[in-house]
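Q: quick one, what's the 3D model for this:
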Amino acid sequence: MKRTAYAVLLSLSGKGEYMREVEILAPAGSLDSLYAALKLGADAVYTGTDRFGARAFANNPGVDELKEAITYAHLRRKKIYLTVNTLLSDRELEEDLFPMIAPLYEAGLDACIVQDFGVLSFLHENFPDMELHASTQMTILSGEEAELYRDLGITRFVPARECTIEEIRQMREQTDLEIEVFVHGALCYCYSGQCLMSEVIGGRSGNRGMCAQPCRLPFESSFGKTHLFSTKDMCTLLHIPELVEAGIDSFKIEGRMKKKEYSAYLASLYRHYVDLYQEEGRAAYQALVQNPDSELWRDIRRSQDIYNRGGFSGGYLFETQKKDVMYPGKNGHYGTLVGEVVREGKGSAVFQTCEKLHYQDVLEFRLPDDTKAYEYTVKNPAEKGEYVTCNVKRGSQIFRGQKVYRTKNTALLEWVDEQIEKTDDCLILIGDFCGKIGEPVSLTVTGEGTTVHMSGPVLQRAEKRPVSPEDIRNRLEKMGNTSYQWGELEIQLEENAFLPLGEVGKMRREAIKVWEKSAVHQRNNVRQVEHVGRKILSWEGPSLLSVADRNQLAVAAETDPERVLIHLKLEDFPWKEWNELPQLTAGREVAVSFPRILRGKAYQHFLKQWDKAELWKQMQVSVIVVNSHRSILLARQYFPQASRIADDNFYHTNYRAQEVLDRYGISPSVPVCYGRTEVMVTEGCLKRTMDHCDGIHERIPICSPKKDEFVVVNHCDSCYNTIYTKWTYEKKEMDSVKRFVFTWESPEEMRKVLKKWNLL
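A: Down below sits the predicted model:
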């Protein structure tokens, strides 16, 4: 679908630059972060609650707290999105999700961010007026793929973080759905939603919001022991013009596990520089980029002080070399280079600063391998270029030329807190109090285009001391901790009247509460829809035998076609071998799965080889094993009559998700009784990270600190990696229809397994 008129350039400034509304979307792992980010520049925040979000260990707000936050945000023309981006069971979906979402939906919740097909279907059915955003956990790689789910209520999608800026531009041409793109923060090594490593190593599933980040650990391999899979944090402040011009609707900042200062400061920076570009134009912005002493570069350095891993990269959006996205040397906050040791002595060190130092800054003297040699807290501030002498613990490894990094910029954090505190987010109201003896008093409140009237008790004639207009004013002006203040407050009160002042305060509280409900969009009386399930497709054919090379295919061909359907995983067969597949499978129906990652230039190369081989004409393909959204589109185009079976990574953990797959003609996956677990599929390439890229398909063993063994397999044709468990698993209690997934087993090993199951 081409982009509609509303989403093309909204207007052009006098400088000829793109002028379009761009949302700054900040993370909120706590209430403090939520309010701080909205105060300092975020147009919207995304947050979880106590269940079903991808950050289960964040200090997520409760439902009642979120209801108040929604009102706060809406009164300021801002939005709140709720993360429901994990996989749910049938019980959770049918019993627990509705009572959690319903009060937030009624309060005006703007959108839910979703991964699970079943959750998507449930929310669309029960909360039809709420927007639904496809999470990056869904691994959507094109606008065409996002369009598949428009009918399920998707209004926005978050592409995989591995996509390039050129691919984002192409998405903008393919769809008018809103596009939300991560522009700052941490990058997962695995395509989001495709990672099982945390679950395999420690039983904490990332798809259940409990990722333990095992990818940040040091792994052993033939390249030594280092943080093989630790990515740098992303920063795209240098690329604001390209991001805006690509047609992105929402700039998303990662970091729900970070502190409020992180969310607020980054939101303020991205809001500021998007506005600056749109006001001043590309030439002015490029002048900032090219000047290392500009405010832009100062703010980038401050962003590093707030948090970074291994420095910043432009992410896959802008880096042309994959290895530039990685930093294997160190995990955790890297800090900012602030000095270099020029002299060391017994119990002391002298270093020259390259950044200004503040009282209580925390510094690290680093060894060449980036490990900490000594930590020092600054006692006296120092200007850039000054020499600082500090005491160090005897025995510490201090040497001339040693780098000194700041891991806590105390002054910056205090400054951010000050900005949060002093930012005036009070709303201005107009009040009119009227009281006539013998009639109910009234209070009229006006603000944000909304007016409400509140009646109180009957005004009495005073028997002793009458109440004065000033008494009424003083009580109405006691706003307490609310974020309101009177711009105008008129008091009309008949003389010699009496009214309990407690009643005045009560009127004020009730009037503002009624005004809030009237001023913001709310929904009423939502009821759970009774869902009528339907019978879904199920695979009732022969067992699947998944093979990864020609030798395994030859063994598979020895099996009975009535009992075994050979499944060709095309990502494992080099393109140059595709021409042999029709001959090797002659006389047999086969199942096919396409490479899991098909996007950008790799996708174009794939299509070239695919059209050249013409496999859809030369083989009897009766089944497509669906492992990506792209494979649905390819199946429609090339194999419209073939059956479709979901692969394990095309998640369907509840019945509603299976119903959604059924809409696309896809049966639930066939249970795997033998194979290795695919724990990651990665855009990052281990060989490229370690400067050993040679284009040769091979397997690289790796080992975690707890001796969990895995194998990295590089798919050079499509340029991505898959990481498998080294060990295989085998389930003994299985139905008659099964799936055997072979990876690099020899023909002899493969025959041994098949004979055990009486398939040879």
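Q: tell me which other helices or strands the helix or strand containing residue 617 touches.
A: Using DSSP states H and E, the element containing residue 617 is helix 615-618. With contacts taken as 3 or more Cβ pairs under 8 Å, 6 or more residues apart in numbering; DSSP states H and E, helix 615-618 sits against helix 581-584. Any C-beta I mention is one placed from the backbone N, CA and C, and that applies to glycine too.
Q: give me the contact list for the helix it packs on.
A: With contact meaning Cβ atoms under 8 Å, 6 or more residues apart in numbering, helix 581-584 is reached by 550, 553-554, 557, 568, 573, 613, 615, 618-619.
Q: from these, pick the one nearest residue 391.
A: residue 573 (63.7 Å; Cβ to Cβ).
Q: quickly note the distance from the closest one to residue 104.
A: Residue 573 sits 48 Å away from residue 104, going by Cβ to Cβ, to the nearest Å.
Q: what's the closest of the contacts of helix 581-584 to residue 528?
A: Closest to residue 528, out of all of the contacts of helix 581-584 and judged by Cβ to Cβ, is residue 568, at 44.3 Å.
Q: so what's residue 739 up against?
A: 543-546, 567, 669-673, 675.
Q: what of residue 677?
A: 196, 200, 724-725, 729.
Q: return a ChimeraX selection command for the buried portion of the residues you listed.
A: Filtering the contacts of residue 677 down to the buried ones (16 or more other Cβ atoms under 10 Å) takes a single ChimeraX command:
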select :196,200,724,725
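Q: can you add secondary structure and give the contacts of residue 739 back as CSV?
A: Shown next, in CSV, are those (DSSP: H, G, I helix; E, B strand; the rest coil):
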residue, secondary structure
543, strand
544, strand
545, strand
546, strand
567, strand
669, coil
670, coil
671, coil
672, strand
673, strand
675, strand
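Q: taking these together, which two end up most distant?
A: 545 and 669, at 14.8 Å, using Cβ to Cβ across those.
Q: and those two? Which one has more around it.
A: residue 545 (29 against 22; other Cβ atoms under 10 Å).
Q: which residues touch that one?
A: Applying Cβ under 8 Å, 6+ apart to residue 545 gives the contacts 556, 559, 564-567, 739-740, 742, 754, 759.
Q: what's the closest of those to residue 258?
A: Comparing these against residue 258 with Cβ to Cβ places residue 739 closest, at 41.2 Å.
Q: could you list everything the closest one pairs with in the sheet?
A: residue 544, residue 672 (DSSP bridges).
Q: 357 is where my numbering starts, stick with that
A: Will do, 357 is the new start, and the previous item becomes residue 1095.
Q: what strand or helix carries the residue nearest to residue 611 when sequence neighbours are not counted?
A: In space, and not counting its chain neighbours, residue 611 is closest to residue 383: 4.4 Å by Cβ to Cβ, 6 or more residues apart in numbering. Residue 383 is located in strand 379-384, with elements delineated by DSSP H and E.
Q: contact partners of the helix holding residue 973?
A: Contacts of helix 971-974 (Cβ under 8 Å, 6+ apart): 934, 937-938, 948, 977, 994-995.
Q: which positions in that helix come out as buried?
A: residue 971.
Q: surely residue 764 and residue 717 touch.
A: Yes. If you go by Cβ atoms under 8 Å, residue 764 and residue 717 touch, sitting 6.2 Å apart.
Q: the more surrounded of those two?
A: Neighbour totals were compared for residue 764 and residue 717, and residue 717 leads with 23 against 19 (other Cβ under 10 Å).
Q: among the contacts of residue 1095, who's most crowded?
A: Highest neighbour count within those: residue 901, with 29 neighbours (other Cβ under 10 Å).
Q: any idea how far residue 979 is from that one?
A: 12 Å.
Q: list residues touching both of these two?
A: 921, 923.
Q: hmm, back to that, surely the residue nearest to residue 611 touches residue 400?
A: No. Taking Cβ under 8 Å as the definition, residue 383 is not a contact partner of residue 400, at 10.8 Å.
Q: those two: which is more packed in?
A: Using other Cβ under 10 Å as the criterion, residue 383 and residue 400 rank with residue 383 on top: 29 against 22.
Q: what is the more buried one paired to in the beta sheet?
A: Beta-bridge partners of residue 383, as defined by DSSP bridges: residue 402.
Q: how about residue 777, what does it touch?
A: Residue 777 neighbours (Cβ under 8 Å, 6+ apart): none.
Q: shouldn't it be within a strand?
A: No. Counting by three-state DSSP, residue 777 is not found in a strand; it is helix.
Q: okay but residue 599 is in contact with residue 607, surely?
A: Yes. Counting by Cβ under 8 Å, residue 599 does reach residue 607; the two are 6.7 Å apart.
Q: mutual contacts of those two, please.
A: By Cβ under 8 Å, 6+ apart, the residues touching both residue 599 and residue 607 are 537, 539.
Q: contacts only, for residue 746.
A: The contact partners of residue 746, by Cβ under 8 Å, 6+ apart, come to 704-707, 732, 735.
Q: 10 Å instead, please
A: 703-707, 719, 721, 730, 732-736, 754, 760 (Cβ atoms under 10 Å, 6 or more residues apart in numbering).
Q: distance check, the residue of the chain most remote from its centre against residue 862.
A: Distance from the centre of the chain peaks at residue 819, with 66.0 Å (Cα atoms, centre = their mean). According to Cβ to Cβ, residue 819 stands 22 Å off from residue 862.
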